[in-house]
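Student: Fold the following, please.
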Amino acid sequence: MESEVIKFGKNLVAKDEFLSSGHRACQGCGSALLIRLALKALGKDTIVCVPAGCWSGVGSMYPETAWEVPWMQTLFENSSAVASGIESAFRILMEKGRIPEKHVNFLALAGDGATNDIGVAALSGVLERGHDIVYICMDNEAYMNTGIQRSSATPYGAATTTSPAGKVVPGQTTWKKDMPAIVAAHEIPYVATACPSYPFDLMNKVRKAAEAKGPGYVHVLSPCPTGWRFPPQLTVEIGRLAVETGFFPLYEVEDGRYKLNVDRPTLKPVLDYLKPQGRFRHLSEKQIDKIQARVNRKYAELKARVTAQAA
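Tutor: Now for the predicted structure:
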């Protein structure tokens, strides 16, 4: 039985909810919003693998669970490997006639630490082998569940408990790892960036990742009021500012071809994004100018690639 859909302009959205209310996530949790939207896009025939992290706890505190689809917790480093194993098992059982033929979505949901750092080797192997899974990185730019420690996704200048802002060292000293580019280098069918502040864009990209013949990867910026230190009612606004300033561009890579999804004629100053967040409050004008210059350069490089491929 198909899920009932509601029409919003040109967009169709499933009425059913596959992440129940009453979970224990923080107020304003961007990951709660992105999971809700992703599951609406995928539907009930979905199996979810989640490693150690916020959502291995807040979504399934025994004996209760917020998940309305089959869900399992994996080790920190291997959600992609477990999802690939489940996908292989289903495929073989269907080929042997042991279970009925039907389409099932196999979803690995992991944070930036489990994706960029601890799980990058397992993820690379799954991409190289071409497993038909959807991988969503919930990027809140630090190890939030264990105390807001820096990860390789933590932006330059951000203060965390392991990259504190001091008089000599102004927070994080390295630039954010470009994980979507690393994934795209595996030449898989579909790679995209998304943000729950743009819900229809996010749902469309998750659907595309599921429809791809092979791995589909969606890297989602997940604003975190607790770790980023902003009021929880600003979650959607902070996400939009990340896109509108060029700090986190929304684009997709389909069969190696780049497409920019939100392209403003003029980007807003990056200060508009940094200022509301306590993790950037210590930055000097010189440091903000340094971040602005890098955002300008990286955005120009992305646009140049899109333009060159469109020619």
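
Student: List the contacts of Gln172.
Tutor: 150, 154-160, 163 (C-beta atoms under 8 Å, 6 or more residues apart in numbering). C-beta: built from backbone N, CA, C; applies to glycine.

Student: ok, those vs Arg294, which is closest?
Tutor: Nearest to Arg294 among the contacts of Gln172 is Tyr156, at 7.5 Å by C-beta to C-beta.

Student: who touches the closest one in this structure?
Tutor: 171-176, 290-291, 294.

Student: And it, its phi and psi?
Tutor: Backbone geometry at Tyr156, expressed as degrees, to the nearest 10, gives phi -50, psi 130.

Student: returning to that earlier point: ok, the contacts of Gln172 vs Leu260, which is closest?
Tutor: Of the contacts of Gln172, the one sitting nearest to Leu260 (C-beta to C-beta) turns out to be Pro155, at 20.6 Å.

Student: Leaving out sequence neighbours, find the closest residue to that closest one.
Tutor: Once flanking residues are discounted, Pro155 sits nearest to Lys176: 5.0 Å by C-beta to C-beta, 6 or more residues apart in numbering.

Student: Pull the contacting residues for the one you found.
Tutor: Lys176 neighbours (C-beta under 8 Å, 6+ apart): 141, 152-156.

Student: rewinding a little: closest one of the contacts of Gln172 to Gly22?
Tutor: So of those, ranked by how close each gets to Gly22 (C-beta to C-beta), first place is Thr160, at 29.5 Å.

Student: Return the distance of the closest one relative to Val220.
Tutor: Look at Thr160 and Val220: by C-beta to C-beta, to the nearest Å, they are 20 Å apart.

Student: More neighbours: which of these two?
Tutor: Val220 (28 against 21; other C-beta atoms under 10 Å).

Student: which SS class is the more buried one?
Tutor: strand (DSSP: H, G, I helix; E, B strand; the rest coil).

Student: Just to check, it is in contact with Glu141?
Tutor: No. With contact defined as C-beta atoms under 8 Å, Val220 does not reach Glu141; the gap is 11.6 Å.

Student: helix or strand right after the worst-scoring helix or strand of the chain on mean pLDDT?
Tutor: Least confident helix or strand of the chain, by mean pLDDT, DSSP states H and E, is strand 5-8 with a mean of 70. Once strand 5-8 ends, the next helix or strand along the chain (criterion: DSSP states H and E) is strand 11-14.
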